[in-house]
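Trainee: next one to model:
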Amino acid sequence: MGAERPGRDLVRFGLAMSVAFAFSAVQVFVIPLRIDIAGYGHFRLFLMYAGYAGLLHAGVADGAFLRWVGQRSDVIRREWTTVGRWLLGMHVVILLVALGTSFALGEPLARLFVVSLAAVALCANAVTLSSYALQAAGDFRGAGRVAVLAPASFVALVLLLPVVSLPRLVALYVVSCAGAAAYAAARVLRTAQRHDATAAPSAAPEVRSLVSTGLPVLGANLAAAVAQSADRILLSLVSPITNFALYSFASTVTIVGATATHAISRVALSHAATRPIAARAPFLAQFLDVIAAGYGVALVCEPALERLVTVMLPEYAAALPIARALVVGLPFWIATHVVLVGSLQAHGHVQRQFVLEMCGVTVVLIACGAALALHAPLWGVAAAATAASIATFGVAVGVVRRIIGTNDGPSAAWFGVLVAGQGGALLLAVISTDGWVRQSAIYLLLAAMPTALAVSRARNRVW
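Mentor: This next block holds a predicted model:
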């Protein structure tokens, strides 16, 4: 992508997030070997609800990020200290309430989840606030290290220490999150300061202002998280824990989408905010080609990973058709939240962003609920979730075009054609033959043209 800063930051932060995902993928092959399938299902249930920890900062972190983008690093560091105290006070109260509630619960698993989720919320939101400060200050190298530390330390702890029970596994997860929070805070305190003595001092941040600005963004992010995990939420309510474990194992592929979305969107939004408002949506639209190129290259690894699962974890082989159904919808999910939702946020339409995300939640719930009501197999539920992702992408293109006035239709159409060709090539390869080497070869042959075209379009962009 050349030496321009957006490309450099995307490579730095993207590589860090890729390493973080690699450690998350290692967990998939390590934890099932240390605990039975029911325990694994309960742990994945814990992780699913831990993903909603951001709800407990009430939009303060998101409001702070929107306030800090484009600010000097000395201003960010000073305000980070103030906002951090507010966040700590909020979560201490939440933790005390969780401890008090745990004494009233009779089920040991419920007590474990309540206290652990409160502790994870404190650590996760502290990491979020510090990571936002680093991203706003342009320190994507530090933000990348923060992203890697929690999954890396968790894998290390699981490998080094004997884990034979769910409580120990959850405790190690909390410890790894706490370590990441401590490092993130230290990194912010060491952030280089560019003090401008001639600049007028900025007004001190106010909780009400941060909440009013960040709450719609938080709501949109929460809706996006619900939309991505709505299929698992429904399954957790109506299916045995073993079925939930299989589906959750397969949904690990969605971590790729979440990782890519976070990596690309943070870099994209940080750089879009420095451009004239009329140039922001066209700048973000360039990332459609980046997403398609990365998707086509990443799918080369899918047959090898399936082979690894069948060899190391044969009891989870039934999850592979679910993973195939989910992986087809990933690029549409990433594009929706990086380019389309990002365009709304970059133009200040955070309320419209929330409405769009809620539409996505509704579509996913209807599609997956219908599949479950019809007693569809688990891969059918995953296919319904993928169809909902594609439908949400189409709706988002129309919404952004109407509200912002951009003409992203041709780019979105090209994107849809390219990723449909790549996903179709993968499905045809894994269905038509056995052996991961042959499957990879067939995929490379079928997906070579759309992937090469996506790479060419991405390289020709101005970075």
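Trainee: pull the contacting residues for the nearest residue in space to Arg77 that is not next to it in sequence.
Mentor: Among residues not flanking Arg77 along the chain, Thr191 sits closest, at 5.4 Å (CB to CB, 6 or more residues apart in numbering). The C-beta positions use only the backbone N, C-alpha and C, and glycine is treated the same way. By CB atoms under 8 Å, 6 or more residues apart in numbering, the contact set of Thr191 is 73, 76-77, 133-134, 137, 139, 142.
Trainee: could you do Val338 as well?
Mentor: Shown in contact with Val338 (CB under 8 Å, 6+ apart): 261, 264-265, 268, 284, 287, 291.
Trainee: just the ones of those residues in helices?
Mentor: Among the contacts of Val338, the residues falling in helices (DSSP state H) are 261, 264-265, 268, 284, 287, 291.
Trainee: show me the two of those that sit farthest apart.
Mentor: The distance between the two most remote of the ones in helices among the contacts of Val338 (CB to CB) is 12.9 Å, for Thr261 and Leu284.
Trainee: okay, these two: which has more neighbours?
Mentor: Leu284 (27 against 23; other CB atoms under 10 Å).
Trainee: pLDDT score for that one?
Mentor: For Leu284, the model assigns a pLDDT of 85.
Trainee: Val267 now?
Mentor: 73.
Trainee: neighbours of it, how many?
Mentor: 26.
Trainee: what's the spacing between it and Ala273?
Mentor: 11 Å (CB to CB, to the nearest Å).
Trainee: tell me which strands and helices the host helix or strand of Ile403 is in contact with?
Mentor: Assigning secondary structure by DSSP states H and E places Ile403 in helix 378-404. Judged by 3 or more CB pairs under 8 Å, 6 or more residues apart in numbering; DSSP states H and E, helix 378-404 is in contact with helix 207-238, helix 241-250, helix 320-327, helix 330-335, helix 341-346, helix 350-373, helix 409-432.
Trainee: buried residues of that helix, list them for me.
Mentor: Neighbour-count burial for helix 378-404, counted by 16 or more other CB atoms under 10 Å, picks out 378-393, 395-397, 399-401, 404.
Trainee: of the contacts of Thr191 - the most surrounded one?
Mentor: Ala133 (30 neighbours).
Trainee: who are the neighbours in contact with the closest residue to Val381 other than its chain neighbours?
Mentor: Of all residues not flanking Val381 in the chain, Ala371 sits nearest, at 4.6 Å (CB to CB, 6+ apart). Ala371 makes contact with 380-381, 383-384 under the criterion CB under 8 Å, 6+ apart.
Trainee: again with Ala119
Mentor: Here Ala119 is in contact with 95, 174, 177-178 (criterion: CB under 8 Å, 6+ apart).
Trainee: pLDDT averaged over the helix or strand hosting it - what is it?
Mentor: For Ala119, the host element (DSSP H and E) is helix 108-136. Mean per-residue pLDDT for helix 108-136: 86.
Trainee: and it, which residues are buried?
Mentor: 111-136.
Trainee: chain center to that helix, what's the gap?
Mentor: 15 Å (CA atoms, centre = their mean, to the nearest Å).
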